[in-house]
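Participant: any chance you could fold what I've pasted below:
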Amino acid sequence: MAKKRSNGEGGIYFDEKRGTYRANITAPNGKRIYKRFTSQEDALAWKTEQLYTMNQGTFVEPSTVTVGEWALHWLATKKQSVSIGTYENYLYVSGHLDLLAGIALQELAPHHIDALYLELSNVISGCTVHKVHKLLNAMLKKAAALNIISKNIMLNVDTPKFEKKDIQIFNQTEVETILKVCHDNPLLKKKYPMVLLAATTGIRLGELLGLRWCDVLFPTNEIFIRKAIKASKTQGVYLGSVKTKAGIRKIKITEDMIKLLRSLRAEVKNMDINQETYVFPARTGNPITPRNMERAWDTIIRNSGIPYKNIHVLRHTHATELLALSVPIIEVSRRLGHSKVAHTLDLYGHAIPNYEDKIVDKVTQLYAVPK
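Facilitator: Predicted coordinates:
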C-alpha cells in the first residue's frame, strides 16, 4: 500500500486491493477518522475541508446517522417534554419523511427537501406540507445545536406556501337561534348551559368539558380555566393541562350565566370533598368526550336549520364580536388564552373597526393649521 502524508495532520492512502483512496484525519478529541474515495482529488478535498473546519472551530465529526434514525431519536426526546397530543401529532407528521429516511443526515441537502415537498404536494394538503417543514426545521436545528451537522440547511429552504382558510363565524341571529333551540328542545335542554357558556366566553371545547365546580368562582363571577379534556390514541380521554401557560386564566362571565350555574350546582347530589366534580358530566359522572359533544352539536345545528359550522366557530364568533365592540385586542387575546397577541391579530384583525375618520379628527386637533 503506497502512502502519502500531509504535514503530520492525517494522510491519504491508496488501497490497491480495493482500488480506492482512504483519507484520514485526527479529530480534536484525538479520534482517528477515515473516509474512502474513488479519486485522490476527492480525498484531498475532503481532508483539506476537515482541517479547515478544525482551524475555524466549526469541525463536525463525520457520522453515518440517517435522517430516519435522527427522527426516531428526536421523537424519543420530545416524548418527554411535550403533551401526548403534540407527540402524537409529531408522529403523524414524521410519517411523511420516508423519502428522506435513508439519507445520511450530514449529506442532506436543500434539493432533497424540495423533492420531498414536490412529491408530498400531490398526496397531502399544503397545510400538512407546511407542518412537515416545521418538523424538519426543529429536527435539524437540534442536530446543528448538538454539532451533529455543521448547520441547519432548512435556513436555505423556502417555507411551503399554503392558503389559510378564512375563519367562519355565526351571525347574531344564528347564535340566538342555536341558543333558543337548546333552551326549548327537551332533548337538547341539558346542553343549553354548555352552549351558552361557550358562546359568551369563547373557551375551547376541551376547556368547557374539563370545567369542574372548584373552577367556578361564584363570589367574583369568574371561571378558572386550568384544565382541559383531551383525547389521545394511546391514552383515550383524560383530563390534562391547558394548551399553554397563557391558557391558564380567569374569565369573567355574565350574571345570567352565574345564575344558571348556581341552579346546576344546587342539583349536584354527590359532590366530592374537593369539588372536582365536573360541571357538565356525562350520565356516568365521567367527563363528556369531545366526540360525543360534537355529535350533540351536530344535532343542535340540524335542529336550528342553519348551515353547519363546528362548535369551535362559537369561539371565533365571540372574539370577533368583542373586537367589533372595540374591546382592546390584548384583552381579547387574554380572554381567549392566546400566548401571543400577534396570533389573535392574525386570526381576527379583520374584525377591528376602522378608525381612519376618528384618527384624522384627532390629528387635526393635534396639528391645527393657523388661520
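
Participant: alpha carbons of the top helix by length along the chain, as PDB, please.
Facilitator: Longest helix of the chain, by residue count under DSSP state H: helix 126-145. C-alpha atoms of helix 126-145 as PDB (Å, rounded to 0.1, in the frame of the first residue of the first chain):
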ATOM      1  CA  GLY A 126     -50.500  22.300   1.700                       C
ATOM      2  CA  CYS A 127     -51.100  22.800   5.400                       C
ATOM      3  CA  THR A 128     -49.700  19.400   6.100                       C
ATOM      4  CA  VAL A 129     -46.600  20.000   3.900                       C
ATOM      5  CA  HIS A 130     -46.100  23.200   6.000                       C
ATOM      6  CA  LYS A 131     -46.200  21.000   9.100                       C
ATOM      7  CA  VAL A 132     -43.500  18.700   7.600                       C
ATOM      8  CA  HIS A 133     -41.400  21.800   7.000                       C
ATOM      9  CA  LYS A 134     -41.700  22.900  10.600                       C
ATOM     10  CA  LEU A 135     -40.900  19.500  11.900                       C
ATOM     11  CA  LEU A 136     -37.800  19.200   9.700                       C
ATOM     12  CA  ASN A 137     -36.600  22.600  10.800                       C
ATOM     13  CA  ALA A 138     -37.000  21.700  14.500                       C
ATOM     14  CA  MET A 139     -35.100  18.400  14.000                       C
ATOM     15  CA  LEU A 140     -32.200  19.900  12.100                       C
ATOM     16  CA  LYS A 141     -32.000  22.900  14.400                       C
ATOM     17  CA  LYS A 142     -31.400  20.400  17.300                       C
ATOM     18  CA  ALA A 143     -28.900  18.400  15.300                       C
ATOM     19  CA  ALA A 144     -26.900  21.600  14.500                       C
ATOM     20  CA  ALA A 145     -27.000  22.600  18.200                       C
END
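
Participant: list the buried residues for it?
Facilitator: For helix 126-145, the neighbour count (16 or more other C-beta atoms under 10 Å) marks 128-133, 135-137, 139-140, 142-144 as buried. Every residue, glycine included, has its C-beta placed from N, CA and C.

Participant: would you map the helices across the protein?
Facilitator: Counting by DSSP H, the helices of the chain are 40-56, 67-78, 84-94, 110-120, 126-145, 172-184, 192-201, 205-209, 255-266, 290-304, 313-324, 329-336, 341-348, 356-366.

Participant: quick one, the longest helix of the chain and helix 67-78 angle?
Facilitator: 90 degrees (axes from the mean of the first three to the mean of the last three C-alpha atoms, to 10 degrees).
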